[in-house]
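Visitor: What follows is a predicted protein model with its sequence.
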2 protein chains.
Amino acid sequence: MTNDPDFDLQTFLPYLLAQAAETSSLDFQRLYKDRYGMLRTEWRVLFHLGIYGRMTASDIGARAKIHKTKISRAVQRLAERRFLTRTRDEEDRRVEHLELTASGRAAYEDLRRIARDYDLMLTEGLSPDEVAVLRKALKHLAAG
Amino acid sequence: MTNDPDFDLQTFLPYLLAQAAETSSLDFQRLYKDRYGMLRTEWRVLFHLGIYGRMTASDIGARAKIHKTKISRAVQRLAERRFLTRTRDEEDRRVEHLELTASGRAAYEDLRRIARDYDLMLTEGLSPDEVAVLRKALKHLAAG
DNA sequence: ACCTAATAGTTGTTTTTGTAACTAACAAGC
DNA sequence: GCTTGTTAGTTACAAAAACAACTATTAGGT
């Protein structure tokens, strides 16, 4: 195997980002999938409603940069499982307000605790400074 | 909207990683998709062969942590387009050695240049120290 | 030699995503 | 009060990923 000295895949950021994201995503997925059978978009929607309270689908989409069709389907599944309620806006009957039910909130709080623990575990092995730089850099990259 | 002070999604690493990875992945995708009609797994396979030379499908899978079915299909498409050749090992007739053709190598070198430029562009706005910490932290996270 | 297990790679089926087209409701200009 | 354009959200269809089952070949034990 003739290693090419001109280019190292292991330092190429999109590759490195994809690997790190996939690893952590799959690990964390097991936690919410096993407990609540949720998909990635579903826990994201759940978290948005848990953190910010009542929102519309478009609000979530704008904030999380998730496409509206994905959100539509996630909301459908979360509503079926009674994790959230949908209420039509009487002023503008196109929009729908989403809100967690009691059990949705309970699931959110449970998962939030798990997320916090998982985040702590992830950053073991990195110094607080490194973690701060990492978060800052990721925010920069996510902004595009 | 009642913001939950206990938890910030914007600092939760799996979320942040997924956002950053998706942004850069989609941007970079446009480059190899437009030029060569490749899929994500295909450019990864191409790069592995370009960097390390002759390898088997399992070698690539082990190194890049890509599932063998994905690799199998990527190799098929790359072979159809004459970017690589497959030769059976005569010692162990289960294994197949993959190698770039001249045009595969040309595509790799073209994309390598593009990747390098793209990587440079991504890190504009971050100091060299920050980039170094970022790469180190991502490697740590990717290792799991 | 023969039986079982392991490995390389492929194929088929089911989920999940991406994309585009759609309905319904509102807004603005004329 | 029509026509045109825009926005919220859904649905339908095509592309891609995930998962399981498969073939072919080798390895190991007895």
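Guide: Okay, I see it.

Visitor: quick one: the strand or helix carrying residue A:58 near DNA strand C?
Guide: Element membership for residue A:58 (DSSP states H and E) is helix A:57-64. No - Helix A:57-64 does not reach DNA strand C (Cβ under 7 Å from any atom of the strand); its nearest approach is 11.6 Å. Any C-beta I mention is one placed from the backbone N, CA and C, and that applies to glycine too.

Visitor: list the buried ones in that helix?
Guide: A:57, A:59-61, A:64 (16 or more other Cβ atoms under 10 Å in any protein chain shown).

Visitor: same thing with stretch A:95-106?
Guide: For stretch A:95-106, by 16+ other Cβ under 10 Å, it's A:98, A:100, A:104-105.

Visitor: taking the residues you listed one by one, which sit in strands?
Guide: A:98, A:100 (DSSP state E).

Visitor: which among the buried residues of stretch A:95-106 are in contact with DNA strand C?
Guide: Counting by Cβ under 7 Å from any atom of the strand, no member of the buried residues of stretch A:95-106 is near DNA strand C.

Visitor: Just checking stretch A:18-32 against chain B, any contact.
Guide: Yes - applying Cβ under 8 Å from any Cβ of the partner chain, one finds stretch A:18-32 touching chain B at A:18-25, A:27-28.

Visitor: Kindly report the same for stretch A:135-143.
Guide: Yes - using Cβ under 8 Å from any Cβ, stretch A:135-143 reaches chain B at A:135-143.

Visitor: Restricted to strands, list those residues.
Guide: In strands, judged by DSSP E, none of the residues of stretch A:135-143 next to chain B are found.

Visitor: Considering those residues, which is situated nearest to residue B:130?
Guide: Set against residue B:130, the nearest of those by Cβ to Cβ is residue A:137 (5.7 Å).

Visitor: in the biggest helix by length in chain A, what's buried?
Guide: Taking DSSP state H as the criterion, chain A has its longest helix at helix A:13-36. Residues of helix A:13-36 classed as buried: A:13-24, A:28, A:31-32, A:36 (neighbour count, 16+ other Cβ under 10 Å).

Visitor: go on, stretch A:76-94?
Guide: A:77-78, A:81, A:83-84.

Visitor: want to throw those residues into JSON lines with distance to DNA strand C, secondary structure and pLDDT?
Guide: Formatted as JSON lines, those follow (distance: Cβ to the nearest atom of the strand, whole Å; DSSP: H, G, I helix; E, B strand; the rest coil; pLDDT from 0 to 100):
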{"residue": "A:77", "distance to DNA strand C": "9", "secondary structure": "helix", "pLDDT": "97"}
{"residue": "A:78", "distance to DNA strand C": "13", "secondary structure": "helix", "pLDDT": "97"}
{"residue": "A:81", "distance to DNA strand C": "13", "secondary structure": "coil", "pLDDT": "95"}
{"residue": "A:83", "distance to DNA strand C": "16", "secondary structure": "coil", "pLDDT": "97"}
{"residue": "A:84", "distance to DNA strand C": "17", "secondary structure": "strand", "pLDDT": "98"}
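
Visitor: Tell me who's in contact with residue A:10.
Guide: By Cβ atoms under 8 Å, 6 or more residues apart in numbering or on different chains, the contact set of residue A:10 is A:16, B:139.

Visitor: I'd guess it is in a strand, am I close?
Guide: No - the assignment for residue A:10 (DSSP: H, G, I helix; E, B strand; the rest coil) gives helix, which keeps it out of a strand.

Visitor: residue closest to the middle of chain A?
Guide: When chain A is reduced to its mean C-alpha position, the nearest residue by Cα atoms, centre = their mean turns out to be residue A:44, at 3.9 Å.

Visitor: so which two of the buried residues of stretch A:76-94 are the farthest from each other?
Guide: Greatest spatial distance in these: A:77 and A:84, 9.9 Å, computed using Cβ to Cβ.

Visitor: pLDDT value on the closest residue to DNA strand C within chain A, please?
Guide: Relative to DNA strand C, the nearest point of chain A is residue A:93 (3.5 Å; Cβ to the nearest atom of the strand). Predicted confidence (pLDDT) for residue A:93: 95.

Visitor: Could you list which residues are in contact with it?
Guide: Counted by Cβ under 8 Å, 6+ apart, residue A:93 has zero contacts.
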